[in-house]
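Colleague: Next come a sequence and a model predicted from it.
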Amino acid sequence: MSDARPAAVAGAGTDTPGPPVGALRELVLGAAPRWTRKDVAERAGVEPERAERIWRALGFPSVEDDERFFTDADVEALRGVARLVGTGLVTGESETMVVRAVAYHLSRLAEWQIEAFQGWLDRAPGTPPGGAPLERAAELMPELEALQRYVWRRHLAAYAERFRAAPGTTGEGGSPQASTTGPAALPGDAALRYRAVGFTDMVGYTRMTRGLEGAELGRVIDSFESLTGDVIAEGRGRVVKTIGDEVFFVCESASCAADIALELTARVHDAPELPRVRTGLAYGEVLSRFGDLYGTAVNAAARLTAVARPGTVLVDTAFSGELAGLAGYELKGLRPVSVRGFPRLRPVLLRPVAAGRRKTSR
């Protein structure tokens, strides 16, 4: 196995412009390769088959038996996984799932960072200001690592505060509501919790972007992700993930999700570079697993988004029930629709009560 940050894998070519692959790999890993995969397993005290499963779970292809591809960091990382299993935080059955989840998120970050580094080289052909490419990269590595560590710890603190506040939470009407329905089954799983979930997507995105060049498309995506990220954060929600032209978010209460959806619609209305959006919201029990969410409410929100008209927000009946009696919202029941997984899904149109307070159409 290896550190989660390798810039290249075994067998990669060396004809890419810029620093040689081997030199760049050594810079990122902090050491030259010295161990075979059998060496790593032996030094870590782990069975070779288990070490190979973990390596594949990280998302890397197998390495030849006699290739010296690994470093001391790989040995220590494998020992670290074994220690986590030994504490009980991670079970033997779930260790590959845990490793795969961590690798999934960090691999996306690593891909972006390498692309950014390559783009930096392209913008400054020859020797970039301040030294050769590898020397400048060596200076940037600690900065990137420090930023990642800071953001990670900030999010740890934020989620710790949320979990401390979870017991004894109340529903929209002030009545006590259990935050969970049972213990987590596996590390990485949180118990079932009542949450409001939503999907917001750009209408006509495919048609609009068909003629755009890469840079223009990038600006549209950046604008959408920046706008939605800001509004969701301001509304005390969380972005679960972005899926192309769509953002998936979650809130602890229906009213927060409703405010976010209506504000997103209004903000996009005033952003001429973006097409109109539509949003589907649902409320119910969801399972949090390695940062993603699953459950009937998630599926219902996705289906509602698909049938919503541009510039509108549709919610399910459970969600509308959470808003009942709260000022500021207008709810209008619509005809049931038949969608995948829901033979009779009953949409409810959500609008702000105060006329003109938010623009919802063009």
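Modeller: All right, it came through fine. Numbers count the residues shown, from 1 in each chain.
Colleague: excluding its backbone neighbours, what's nearest Thr206?
Modeller: In space, and not counting its chain neighbours, Thr206 is closest to Asp245: 7.7 Å by Cβ to Cβ, 6 or more residues apart in numbering. Just so you know, the C-beta spots here come from the backbone N, C-alpha and C atoms, and that holds for glycine as well.
Colleague: quick one: Val247 is in a helix?
Modeller: No. Using DSSP: H, G, I helix; E, B strand; the rest coil, the assignment for Val247 is strand, not a helix.
Colleague: ok, it - how many residues close by?
Modeller: Using other Cβ atoms under 10 Å, Val247 has 25 other residues around it.
Colleague: these two touch, right, it and Ile232?
Modeller: Yes. Val247 is in contact with Ile232 according to Cβ atoms under 8 Å; the separation is 7.4 Å.
Colleague: Could you name every residue contacting both of the two?
Modeller: Common contacts of Val247 and Ile232, defined by Cβ atoms under 8 Å, 6 or more residues apart in numbering, comprise Val239.
Colleague: List the residues that contact Leu323.
Modeller: With contacts defined as Cβ under 8 Å, 6+ apart, Leu323 is in contact with 172, 254-255, 258, 315, 329, 331, 350.
Colleague: Could you check how far it is from Arg351?
Modeller: Relative to Arg351, Leu323 is positioned 11 Å away (Cβ to Cβ, to the nearest Å).
Colleague: which residues do those two both contact?
Modeller: Residues touching both Leu323 and Arg351 (Cβ under 8 Å, 6+ apart): Tyr329.
Colleague: and Val40, what element?
Modeller: For Val40, the host element (DSSP states H and E) is helix 37-44.
Colleague: Please enumerate the strands of the stretch 201-350 of the chain.
Modeller: Using DSSP state E, counting those that start in this stretch, the strands of the stretch 201-350 of the chain run over 238-243, 246-251, 277-289, 292-294, 313-315, 329-333, 337-339, 342-345, 348-352.
Colleague: The second one pairs with which strands?
Modeller: Which is strand 246-251. Neighbouring strands of strand 246-251 in its sheet, by DSSP bridges, are strand 193-202 (antiparallel), strand 238-243 (antiparallel).
Colleague: got it, and the fourth one?
Modeller: Using DSSP bridges, the strands paired with strand 292-294 in its sheet are strand 277-289 (antiparallel).
Colleague: can you give me the angle the partner strand makes with strand 348-352?
Modeller: 110 degrees (axes from the mean of the first three to the mean of the last three Cα atoms, to 10 degrees).
Colleague: Just the buried residues of strand 277-289, please?
Modeller: 277-284, 286-289 (16 or more other Cβ atoms under 10 Å).
Colleague: for that strand, what is the average pLDDT?
Modeller: For strand 277-289, mean pLDDT rounds to 95.
Colleague: ranges for the helices of the stretch 51-200 of the chain?
Modeller: 72-87, 95-123, 133-165 (DSSP state H, counting those that start in this stretch).
Colleague: Determine which stretch of those helices is the most buried.
Modeller: Ranked by mean neighbour count under mean count of other Cβ atoms under 10 Å, the helices of the stretch 51-200 of the chain are led by helix 72-87, which reaches a mean of 17.
Colleague: and that one, how far from the chain's centre?
Modeller: 25 Å (Cα atoms, centre = their mean, to the nearest Å).
Colleague: Same question for stretch 222-238.
Modeller: Taking Cα atoms, centre = their mean, one finds the center of stretch 222-238 at 13 Å from the center of the full chain.
Colleague: residue farthest from the centroid of the protein?
Modeller: Distance from the centre of the chain peaks at Asp66, with 37.0 Å (Cα atoms, centre = their mean).
Colleague: how near is it to Arg210?
Modeller: Counting by Cβ to Cβ, the gap from Asp66 to Arg210 is 50 Å.
Colleague: Repeat that for Ala41.
Modeller: As for Ala41, its distance to Arg210 is 50 Å (criterion: Cβ to Cβ).
Colleague: Among the two, which residue is more densely surrounded?
Modeller: Ala41 (23 against 8).
Colleague: tell me the contacts of the more buried one?
Modeller: Shown in contact with Ala41 (Cβ under 8 Å, 6+ apart): 47-48, 50-51, 78.
Colleague: what about this structure, any weak spots by pLDDT?
Modeller: By pLDDT under 70, the low-scoring segments of the chain are 1-21, 123-133, 165-191, 354-362.
Colleague: most centrally placed residue in it?
Modeller: Using Cα atoms, centre = their mean, the most central residue of the chain is Lys241, at 3.9 Å.
Colleague: Pipe the helices of the stretch 51-200 of the chain into CSV and attach distance to Val268 per row.
Modeller: Shown next, in CSV, are the helices of the stretch 51-200 of the chain (distance: least, Cβ to Cβ, whole Å):
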stretch, distance to Val268
helix 72-87, 43
helix 95-123, 25
helix 133-165, 26
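Colleague: Mind checking these for the one nearest to Val298?
Modeller: The closest of the helices of the stretch 51-200 of the chain to Val298 is helix 95-123. By Cβ to Cβ, the value is 17.7 Å.
Colleague: so what does the closest one touch, helix or strand wise?
Modeller: helix 48-57, helix 72-87, helix 133-165 (3 or more Cβ pairs under 8 Å, 6 or more residues apart in numbering; DSSP states H and E).
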